[in-house]
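# Here you go, sequence then predicted model.
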Amino acid sequence: MQNDIMQNATLNRTIRDARVLAVIDRLQAERRRPPNGGPSDNRAESQDPYDYADYGFSIHPEQGDLIYLLCRGMGATRVVEFATSIGMSTLYFAAAMRDNGGGMVIGSELVPTKVGIAKRNLAEAGLAEYAEIRQGDARQTLRDLGGPVDFTLIDGWPREEEPSLAREVIEIVAPQLRVGGYVLNDNAEPDFLEFVRAPGNGFLSVTLPIKNGTELSVKVA
């Protein structure tokens, strides 16, 4: 009976690989927030990413399931994420690349400690060969993605002033995103939303009721 329950739980998830799921479940179980709530909740306090090197601010599994499903459905082979953090989103992307027959997720992460953790998590899941994590400022590391991109996740560091990092990164990545490609945004920065919702920028966009609002956009022109 216990084996049947575990099997049914696995079958109800987008990723079926037990090795990958074990790493995802571990990261989810270890999820914690700083005593001050983190940079999004306390913008008047420290905005230095290095001050939060011990915390993995990551997407939630329901967002990861959406990423995996969309990447599988569109046959994605080149995807990009800002920011990688400890690699939760990278696991979903890399699993989709492998299951699509090959591809690469290009991640950008500023904090070296988190780069190392993300790489270890990918190796543990057996997905290291499907990910390239570029350490540094995404406004530099993502300027050349090596070809048309199928999917972009923008879940980077929030800050009080504008332009937001999300806005700066989407302006860099958008010209490299193919028509029909998706953008997923987690933090709902106002100037990012302004960009993807402006008719002249070539996107259609909708807010999904996932994790207090997740913006999904598709490039149509």
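Now that the structure is in, tell me what you want to look at.

# From now on I want contacts and neighbour counts done on CA atoms only, so please keep to that.
Noted.

# What strand or helix carries the residue nearest to Ala138 when sequence neighbours are not counted?
With sequence-adjacent residues excluded and distances taken as C-alpha to C-alpha, 6 or more residues apart in numbering, Ala138 is closest to Ser108, at 5.6 Å. With secondary structure defined by DSSP states H and E, Ser108 is part of strand 104-109.

# before we move on, the earlier item: just give me the neighbour total for the residue nearest to Ala138.
If you count neighbours by other C-alpha atoms under 10 Å, Ser108 ends up with 25.

# What separation do you get for it and Arg143?
Using C-alpha to C-alpha, to the nearest Å, one obtains 11 Å as the distance from Ser108 to Arg143.

# Can you check my assumption that Pro158 lies in a helix?
No - when DSSP: H, G, I helix; E, B strand; the rest coil is applied, Pro158 is found to be coil, with no helix at that position.

# Does it touch Leu165 like I think?
Yes - because the distance of 7.0 Å satisfies C-alpha atoms under 8 Å, Pro158 is recorded as touching Leu165.

# Among these two, which residue is more densely surrounded?
Using other C-alpha under 10 Å, the more surrounded residue of Pro158 and Leu165 is Leu165, with 22 against 18.

# How much space separates that one from Gly202?
Leu165 sits 20 Å away from Gly202 when distances are taken as C-alpha to C-alpha.

# Over to Pro209?
From Pro209 over to Gly202 (counting by C-alpha to C-alpha), the distance is 23 Å.

# which strand in this protein runs the most residues?
Longest among the strand segments of the chain by residue count, using DSSP state E, is strand 177-185.

# could you check the distance from Pro34 over to Gly56?
Pro34 is 10 Å from Gly56, where distance means C-alpha to C-alpha.

# Pro190 too?
Between Pro190 and Gly56 the distance, using C-alpha to C-alpha, works out to 24 Å.

# Format the CA atom coordinates belonging to the helix or strand Phe151 falls within as PDB.
Secondary-structure element containing Phe151, defined by DSSP H and E: strand 149-154. What follows is strand 149-154, C-alpha atoms only, in PDB (Å, rounded to 0.1, in the frame of the first residue of the first chain):
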ATOM      1  CA  VAL A 149      16.300  31.500 -26.700                       C
ATOM      2  CA  ASP A 150      13.000  29.500 -26.100                       C
ATOM      3  CA  PHE A 151      12.200  30.400 -22.500                       C
ATOM      4  CA  THR A 152      13.400  32.900 -20.000                       C
ATOM      5  CA  LEU A 153      12.900  33.000 -16.200                       C
ATOM      6  CA  ILE A 154      13.400  36.400 -14.500                       C
END
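
# how distant is that strand from the center of its chain?
Centroid displacement of strand 149-154 relative to its chain, using C-alpha atoms, centre = their mean, to the nearest Å, is 8 Å.

# contact partners of that strand?
Outside strand 149-154, the residues within contact range by C-alpha atoms under 8 Å, 6 or more residues apart in numbering are 71, 76-83, 166, 169-170, 173, 176-178, 180-186.

# In PyMOL, how would I select just the buried ones from these?
Provided next is the PyMOL selection string for whichever of the contacts of strand 149-154 are buried by 16 or more other C-alpha atoms under 10 Å:
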select buried, resi 71+76+77+78+79+80+81+82+83+166+169+170+173+176+177+178+181+182+183+184+185+186
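
# Done for today, thanks.
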